[in-house]
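**Student:** generate a structure from the sequence data that follows.
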Amino acid sequence: MSKDLVIYIERLREGESTEIDEVLSATDLELEDDQLHFMPDIKLTGSAYIAEDHLVLNLDISANASIACNVCNADVKIPIELKNTYITKDLSELRSGVFRYVDDLRESILLESPSFAECNNGSCPERTTIEPFLKKEDRKKEDSEVYFPFDDLDEKMEAK
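**Tutor:** From the prediction side, this is the model:
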C-alpha cells in the first residue's frame with residue numbers, strides 16, 4: 001500500500017481537527033475484485049476530530065467503479081458518491097496514538113457499491129433476447145403444485 005491513511009490522536013486532543021484531502025488509487029485501498037473494478041482516482045475529503053471519548057472522521061468519498069452488466073456482461077460505469085460518511089472509534093480501543101483508517105474506508109466504499117448493474121440505465125438491449133427465459137410474475141393457484149396455506153386467509157376472515 002503506497003498511502004498510509006493515519007490520524008494522530010494526540011494532535012486532536014485540545015479541540016483541534018485535521019483536514020483530510022487525499023486522492024487514492026484502488027490499489028491503495030486494496031479494492032480490486034474479480035467483478036468490481038475501481039477507476040484510478042478515489043477522492044477523499046473531510047475532517048477528523050475528537051468528540052468526548054470518540055475519534056470521529058467525517059468524509060466525502062467520490063469514486064467511479066465498473067461492473068459487468070447482468071444481462072450482456074458489458075462493462076457498466078457506476079459513480080459512487082458518499083456524502084457525510086462517518087467513521088467513529090472509541091478512544092479506549094485505540095491503544096497507540098495512531099489510527100489507521102484504511103480498513104474502515106474500504107468497508108464504507110464496498111458497502112455502498114452495487115452488487116449488480118445493467119447497462120443503458122437499466123434497459124439493456126440484450127434483454128429482449130432473454131425475455132422468453134425470464135420467470136413470469138403471473139401465478140395462478142390452479143396451475144401451481146405448491147400449496148400456499150394462507151392464500152385465502154382474507155376470504156376466510158371475511159366469512160366469519
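**Student:** how close does the spatially most central residue of the chain get to residue 95?
**Tutor:** In the chain, the C-alpha nearest the mean C-alpha coordinate belongs to residue 112, at 1.4 Å (Cα atoms, centre = their mean). Relative to residue 95, residue 112 is positioned 29 Å away (Cβ to Cβ, to the nearest Å). All C-beta atoms are positioned from the backbone trio N, CA, C, and that covers glycine.
**Student:** likewise residue 67?
**Tutor:** Taking Cβ to Cβ, one finds residue 67 at 38 Å from residue 95.
**Student:** check what pLDDT the residue nearest to the centre of the chain gets.
**Tutor:** Residue 112 is assigned a predicted lDDT (pLDDT) of 89.
**Student:** next one: residue 81
**Tutor:** On the pLDDT scale, residue 81 gets 94.
**Student:** and it, how far from residue 59?
**Tutor:** Counting by Cβ to Cβ, the gap from residue 81 to residue 59 is 12 Å.
**Student:** number of nearby residues for the closest residue to residue 5 other than its chain neighbours?
**Tutor:** Using Cβ to Cβ, 6 or more residues apart in numbering and skipping the chain neighbours, the partner closest in space to residue 5 is residue 102 (4.7 Å). For residue 102, the neighbour count with other Cβ atoms under 10 Å is 16.
**Student:** rewinding a little: more neighbours: which of residue 81 and residue 59?
**Tutor:** residue 59 (21 against 11).
**Student:** now do the strands in this protein.
**Tutor:** Along the chain, counting by DSSP state E, strands occupy 6-8, 17-24, 36-38, 42-51, 54-68, 75-90, 98-100.
**Student:** of the ones you listed, which approaches residue 149 most closely?
**Tutor:** strand 54-68 (40.1 Å; Cβ to Cβ).
**Student:** buried residues, that closest one. List them.
**Tutor:** 55, 56, 57, 58, 59, 61, 63, 64, 65, 67, 68 (16 or more other Cβ atoms under 10 Å).
**Student:** what sits against residue 12?
**Tutor:** Shown in contact with residue 12 (Cβ atoms under 8 Å, 6 or more residues apart in numbering): 18, 48, 49, 50, 55.
**Student:** can you tell me how far the second one is from residue 35?
**Tutor:** Put plainly, it is residue 48. Distance from residue 48 to residue 35, by Cβ to Cβ: 32 Å.
**Student:** right, I'll leave it there.
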